[in-house]
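Peer 1: okay, here's the prediction I keep looking at, along with the sequence it came from:
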Amino acid sequence: MKRTFSILITILMMVSCDEQEKAVTATGLAISQTGDPAVLSVGETLTLTATVEPSGASQKIGWATDKPGVATVVGGVVTGILPGTVVVTATTIDGARSASVNVKVINPLSDIVFSQDAIRMPRGTKINLTFVFVPHSALNRTLEWSSSNPAIASIDIDSGEITANEYGKVIITATSRDDGSITASCEVEVIPILVTDVQVSSDVLMLVPGRKGNLPYAVFPENAEDQSVTWSSGDESIATVDAITGEVTAVSPGRVTITAASADGPFGEGSVWIPDLSNLGENMLVNPSFELPDGETNAFPGWTKLVDAIPGTAWFQNYPPYKAAGNLNAPGAGATLRVWNTMADYATGNFTFFTFDGKYACRINGGNAGGVYQEGITVTPGKTYYISAVIAYRVNSGGQKIHPAEQVGLHPAQSVKILSTGDGLILYHAVPIVTDPSHNDNLLRPEGLWTVPDDFAAAQVRFSVDQPNTNGYGPSEQRFPSPVMLIDDCRFQEVLE
């Protein structure tokens, strides 16, 4: 048995030696390829064929790449992973022969996709369209831009920034510079700059019944094409509003919302309050009607005269408004004031009578400056006060004027004022004294409302009425002396709610 086994081993060894003697040694190795480097896209495959010379040699080959992260190879099949260039090497099974080729992995652009097929942009604005490349990792991303009508919307050929020039529609096109067959288009419509917001003042507009006022407002953006708004009132029984001008007219006590709406859609709201003037506190002024003890002529208890603007001129005096000769009203009766509106009336004696409160009124002579004030009026933060006075103007000479048509001699600062106490330098509130040609009698009652701010630090204020100008107001060739000014029935009263 042992002898038989030994004989078999000997025979096998002899056969093996014979085969080794017959094996063909490889003398060469070549890889077939198209192009140098061979090119494939990410995700695609490329098959390489390696041939061993001579043909009788073993054709068994081993494959490898120097950058597996860019491309892999298995059995000669190369798969693109990421853009880049790799060296693919084939080696004979015995390692005696090898050959290499360069393979370039690319990721070409296949499409451009805009986020929107059409957009609208306001005239005068600039924008860049939003888009994506397909595939996202494509490297050849250089684009060239064009507009079908640059007069409507022009575009920077390199950056793609669009400028809206005129109303209309255009087609914006992006084209790959590497492959002109790859394009994408978007329709752009140039439209007017629209209003995005209307802001009406948050401050409450307070009006006395019958008075008019406007709520401040602003339209945004400031360069919107149509800046106009249409006004409306939430309750016209309380306040009406001119739809175009926004002028609010107080009708009756109450609170109402006033709306300013843009034709583009946005709107803003403001609030108007008309207090009930039948519900006021006591008058906080001393001697509000400028009454004098009998026999006195130039001193009003409770009031302080302002410094004379023209030294030596007696601009301030008591004015018993009744005619001494022929007594229109007997002393002590209701005071009557004669007012001429124009010099024509003065020449013809065509005057109008007005009855004031009490016997006297404060008078500032025509062509002079002056006024009166009261100090020490205690106010409460958060409270609202009613402010008013009776004001009358009359013409005494040819140089004095009242109506705008006659070159008004009144200064724009003419008003009933609430000032800082002590120095009178800080203006807290003013009620304008405005003459109106329709007021042919020139007897006015300027009246207004003032709400003391919650953080108001001063405990007391000054009530003041003055005529600030002496030489009229306006261009020098149109200036006229101020008319005679008379003041009476001043009021400073808390509004009770």
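Peer 2: Yes, it's here. What you see is a predicted model; the values in this text were computed from it and never measured.

Peer 1: what's the average pLDDT for stretch 227-239?
Peer 2: Averaged across stretch 227-239, pLDDT comes to 97.

Peer 1: CA atoms of it as PDB?
Peer 2: Once non-C-alpha atoms are left out, stretch 227-239 reads as follows in PDB (Å, rounded to 0.1, in the frame of the first residue of the first chain):
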ATOM      1  CA  GLN A 227     -49.100 108.100  -4.000                       C
ATOM      2  CA  SER A 228     -52.800 109.000  -3.800                       C
ATOM      3  CA  VAL A 229     -55.100 107.600  -1.200                       C
ATOM      4  CA  THR A 230     -58.900 107.600  -0.800                       C
ATOM      5  CA  TRP A 231     -60.200 108.600   2.600                       C
ATOM      6  CA  SER A 232     -63.300 107.300   4.400                       C
ATOM      7  CA  SER A 233     -65.000 107.700   7.700                       C
ATOM      8  CA  GLY A 234     -66.200 104.800   9.900                       C
ATOM      9  CA  ASP A 235     -69.100 106.900  11.100                       C
ATOM     10  CA  GLU A 236     -70.100 110.100   9.300                       C
ATOM     11  CA  SER A 237     -72.500 111.100  12.100                       C
ATOM     12  CA  ILE A 238     -69.400 111.700  14.200                       C
ATOM     13  CA  ALA A 239     -67.000 113.000  11.500                       C
END
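
Peer 1: quick one: buried residues of it?
Peer 2: Residues 229, 231, 233, 238-239 are the ones in stretch 227-239 that count as buried (16 or more other Cβ atoms under 10 Å). C-beta coordinates here come from the backbone N, C-alpha and C atoms, glycine included.

Peer 1: what's the farthest-apart pair in those residues?
Peer 2: Using Cβ to Cβ, the buried residues of stretch 227-239 span at most 20.5 Å, a distance reached by 229 and 238.

Peer 1: that older thread, could you dump the buried residues of stretch 227-239 to CSV with secondary structure and distance to residue 381?
Peer 2: Formatted as CSV, the buried residues of stretch 227-239 follow (DSSP: H, G, I helix; E, B strand; the rest coil; distance: Cβ to Cβ, whole Å):
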residue, secondary structure, distance to residue 381
229, strand, 34
231, strand, 32
233, strand, 30
238, coil, 27
239, strand, 26
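
Peer 1: tell me the pLDDT at the residue positioned nearest the centre of the chain?
Peer 2: For the chain, the residue sitting closest to the mean C-alpha position, by Cα atoms, centre = their mean, is residue 220 at 4.3 Å. In this model, residue 220 is scored at 95, pLDDT.

Peer 1: for residue 200, see how far away it is.
Peer 2: Going from residue 220 to residue 200 by Cβ to Cβ, to the nearest Å gives 12 Å.

Peer 1: returning to what we had before: and the nearest residue to the residue nearest to the centre of the chain once chain neighbours are set aside, what does it touch?
Peer 2: Leaving aside its sequence neighbours, residue 220 sits nearest to residue 197 (Cβ to Cβ, 6 or more residues apart in numbering; 4.3 Å). Residues counted as contacts of residue 197 (Cβ atoms under 8 Å, 6 or more residues apart in numbering) are 219-220, 266, 268.

Peer 1: drop anything exposed from those residues.
Peer 2: Among the contacts of residue 197, those classed as buried by 16+ other Cβ under 10 Å are 219, 266, 268.

Peer 1: and the gap between the second one and residue 249?
Peer 2: Relative to residue 249, residue 266 is positioned 25 Å away (Cβ to Cβ).

Peer 1: try the first one
Peer 2: As for residue 219, its distance to residue 249 is 23 Å (criterion: Cβ to Cβ).

Peer 1: which residue, other than its chain neighbours, is closest to residue 171?
Peer 2: Nearest residue to residue 171 in three dimensions, chain neighbours excluded: residue 148, at 4.2 Å (Cβ to Cβ, 6+ apart).

Peer 1: check the contact between that neighbour and residue 155; I expect there is one.
Peer 2: No: in this structure, residue 148 is not within contact of residue 155 by Cβ atoms under 8 Å, at 10.1 Å.

Peer 1: list the residues that contact both of these two?
Peer 2: Common neighbours of residue 148 and residue 155 (Cβ under 8 Å, 6+ apart) are residue 172.

Peer 1: please name the nearest non-neighbouring residue to residue 142.
Peer 2: residue 177 (4.5 Å).
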